[in-house]
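A.B. asks: test case, fold it:
(one chain, ligands or ions: 1)
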Amino acid sequence: MPLRAKVATSVSKTAAALSRAAGRGDGSVIGGWIGLKIDPDLLAHLAGGRAIALISGTNGKTTTTRLATAALEVMGRVATNSFGANMPTGHTSALAKAGSTPFAVLEVDEHYLARVIDATEPRVVAMLNLSRDQLDRAKEVSMMAQMWRDALIGHPDVRVVANADDPMVVWAAQGSGHVTWFSAGQRWHDDSWVCPQSGDPIERAGGDWWCTGCPLRRPNPQWRVEDEGVVDPRGDWHLVKLQLPGTVNLGNAATALAVAAEFGVRPIEALPRLATVASVAGRYAQVDRDGRNVRLLLAKNPASWLEAFDMAERAPTLLSINARDPDGLDTSWLYDVDFAPLRDRPVLITGDRAYDLAVRLEVNAVPFRHVKSFEEAIQAVPPGRLEVIANYTAFQDIRAELDRVL
Ligand SMILES: [Zn+2]
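C.D. replies: Numbers count the residues shown, from 1 in each chain. Next up, the predicted model:
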């Protein structure tokens, strides 16, 4: 590395360590920020010599990054931004902190994918899904798909691993000449009724979809979920044992296996590693308290709420909604989610915007009870499982409350 990059790396690590010592989070954002101020090309310098996978999409990227990292660790040390700092500052910091590793798996915010592809020259880019997120600031889904497509056209050597079930992703991935398709399912269809190529309606039947006005249609996936396992490109079925719940995570595992295969890691080698992942940045974590087994699920936009309903057991469920800056300030997306699946279980609500949620549940004919705190929620349910579904800062609030008591 050039001298400037070495100095920037060292200062970046020091700044991150100081930030951690001061109790201000994991320091990855400030560390990366300072490093990039000293050497604007620091991310490219740190990426040099490593085989890199980038993982992007509206939902599932943190979990898939964690699973793909576990899979690649079969081959050696893997640098990763496991704390979800998924912009270039976070990537810079993660690579600086890891030192020289042959591999890296980086979660990338979908807005930054083009920039991070330019900087890191990855071997593989995984494209998971695109749906509406943070209405007050995110780009329209079709604009995002166009950005992804353009990003790939400039990098013909990059191999793409993409979700065959999401029409927006399929269209974006067509910017590449080397695509491996996986099928991880798509519960949320409301951002892909219209063809991004021709503007015609998209029709669906079973798991298939096609444009009614142009050749865009679902490609045949090489990797797919079947029963409790994953079928690989040779047609072999592998049982997948995960500690993470739901068919959503089975799909994330299929994606991780497809990414790992691009590095020469076979499913039989990767699967035992996937089984060791118990929680991802606190998500899916289970905590026992007063005879209640509390499980934490993060849901931050309409598509991820549908996924959370898939993962949650039919048990008392606490919903918590905030609308602080990291959550997005606009809660009107609550009306994009059908909460009807919760009618068969006791529902509690809390959080800064519990009243927004209350109105939504009332309209959706879902009975609920408002509680002022997490503690009150625990006392309001019988011993056994309590599912907690919360958006970003609400999730952090509950984690902090649990940490205080434990
Ligand atoms: Zn079309």
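
A.B. asks: can you name the next helix or strand after the top helix by length along the chain?
C.D. replies: What stands out as the longest helix in the chain, according to DSSP state H, is helix 3-21. Downstream of helix 3-21, the next assigned helix or strand under DSSP states H and E is helix 28-38.

A.B. asks: that next one - contacts with which helices or strands?
C.D. replies: Where contact means 3 or more C-beta pairs under 8 Å, 6 or more residues apart in numbering; DSSP states H and E, helix 28-38 is packed against helix 3-21, helix 42-47, helix 88-98. To be clear about C-beta, it is placed using only N, CA and C from the backbone, and glycine gets the same treatment.

A.B. asks: turn the ones you listed into CSV, including mean neighbour count and mean pLDDT.
C.D. replies: CSV is the format used below for those (neighbours: other C-beta atoms under 10 Å; pLDDT from 0 to 100):
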stretch, mean neighbour count, mean pLDDT
helix 3-21, 17, 85
helix 42-47, 24, 94
helix 88-98, 26, 93
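
A.B. asks: so for residue 207, which of the ones you listed sits nearest?
C.D. replies: helix 88-98 (34.0 Å; C-beta to C-beta).

A.B. asks: other residues contacting the helix or strand that the closest one is followed by?
C.D. replies: Heading C-terminal from helix 88-98, the first helix or strand you meet, by DSSP H and E, is strand 103-108. Residues from elsewhere that reach strand 103-108, judged by C-beta atoms under 8 Å, 6 or more residues apart in numbering: 47, 50-56, 61-62, 64-65, 68-69, 72, 75-81, 84, 86, 91, 94-95, 98, 116, 120, 259, 263.

A.B. asks: PyMOL command to pick out the buried ones of these?
C.D. replies: The buried residues among the contacts of strand 103-108 can be selected in PyMOL (16 or more other C-beta atoms under 10 Å) with this line:
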select buried, resi 47+50+51+52+53+54+55+56+61+62+64+65+68+69+72+78+79+80+81+84+86+91+94+95+98+116+120+259+263
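
A.B. asks: hmm, back to that, who's in contact with the longest helix of the chain?
C.D. replies: 1, 25-28, 30-32, 34-36, 38-39, 41-42, 45-46, 92-93, 96-97.

A.B. asks: tabulate the helices and strands packed on helix 28-38 (JSON lines), appending distance to residue 400.
C.D. replies: Formatted as JSON lines, the helices and strands packed on helix 28-38 follow (distance: least, C-beta to C-beta, whole Å):
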{"stretch": "helix 3-21", "distance to residue 400": "17"}
{"stretch": "helix 42-47", "distance to residue 400": "31"}
{"stretch": "helix 88-98", "distance to residue 400": "21"}
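
A.B. asks: which one of those helices lies closest to residue 185?
C.D. replies: Taking C-beta to C-beta, helix 88-98 is the member of the helices and strands packed on helix 28-38 nearest to residue 185, at 28.3 Å.

A.B. asks: mind giving me the packing neighbours of that closest one?
C.D. replies: Going by 3+ C-beta pairs under 8 Å, 6+ apart, helix 88-98 lies up against helix 3-21, helix 28-38, helix 42-47, strand 78-80, strand 103-108, helix 113-120.

A.B. asks: how about the ones you listed, which one is nearest the ion?
C.D. replies: With C-beta to the ion as the criterion, the ion lies closest to helix 113-120 of these, at 23.2 Å.

A.B. asks: which element follows the closest one toward the C-terminus?
C.D. replies: By DSSP H and E, the next helix or strand past helix 113-120 is strand 124-127.

A.B. asks: and that following strand, which strands flank it?
C.D. replies: strand 51-56 (parallel), strand 159-163 (parallel) (DSSP bridges).

A.B. asks: need the next SSE after the first one, C-terminal direction.
C.D. replies: In this case it means strand 51-56. helix 61-72.

A.B. asks: how big is the angle separating that next one from strand 51-56?
C.D. replies: Computed by axes from the mean of the first three to the mean of the last three C-alpha atoms, to 10 degrees, the angle separating helix 61-72 from strand 51-56 equals 160 degrees.

A.B. asks: tell me the angle helix 61-72 makes with strand 103-108.
C.D. replies: Using the same axes, to 10 degrees, the direction of helix 61-72 lies 170 degrees away from that of strand 103-108.

A.B. asks: pick out the residue of the stretch 301-406 of the chain closest to the ion.
C.D. replies: residue 303 (21.9 Å).

A.B. asks: how many residues are close by that residue?
C.D. replies: 27 (other C-beta atoms under 10 Å).

A.B. asks: helix, strand, or coil at it?
C.D. replies: helix (DSSP: H, G, I helix; E, B strand; the rest coil).

A.B. asks: got a list of what it touches?
C.D. replies: Contacts of residue 303 by C-beta under 8 Å, 6+ apart are 58, 59, 129, 131, 132, 187, 188, 191.

A.B. asks: closest one to residue 313 among the helices and strands packed on helix 88-98?
C.D. replies: strand 103-108 (27.3 Å).

A.B. asks: ok so, going back, reformat the contacts of residue 303 as JSON lines; add secondary structure, pLDDT and neighbour count.
C.D. replies: JSON lines is the format used below for those (DSSP: H, G, I helix; E, B strand; the rest coil; pLDDT from 0 to 100; neighbours: other C-beta atoms under 10 Å):
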{"residue": "58", "secondary structure": "coil", "pLDDT": "92", "neighbour count": "27"}
{"residue": "59", "secondary structure": "coil", "pLDDT": "91", "neighbour count": "26"}
{"residue": "129", "secondary structure": "coil", "pLDDT": "94", "neighbour count": "28"}
{"residue": "131", "secondary structure": "coil", "pLDDT": "89", "neighbour count": "25"}
{"residue": "132", "secondary structure": "coil", "pLDDT": "84", "neighbour count": "18"}
{"residue": "187", "secondary structure": "coil", "pLDDT": "78", "neighbour count": "18"}
{"residue": "188", "secondary structure": "coil", "pLDDT": "80", "neighbour count": "21"}
{"residue": "191", "secondary structure": "coil", "pLDDT": "81", "neighbour count": "24"}
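
A.B. asks: so which of those residues comes closest to residue 144?
C.D. replies: residue 58 (8.3 Å).

A.B. asks: was I right to think residue 166 contacts residue 141?
C.D. replies: No - assessed by C-beta atoms under 8 Å, residue 166 is found out of contact with residue 141, at 9.9 Å.

A.B. asks: quick check: which ranges of the stretch 301-406 of the chain have low pLDDT?
C.D. replies: Low-confidence segments of the stretch 301-406 of the chain, defined by pLDDT under 70: 404-406.
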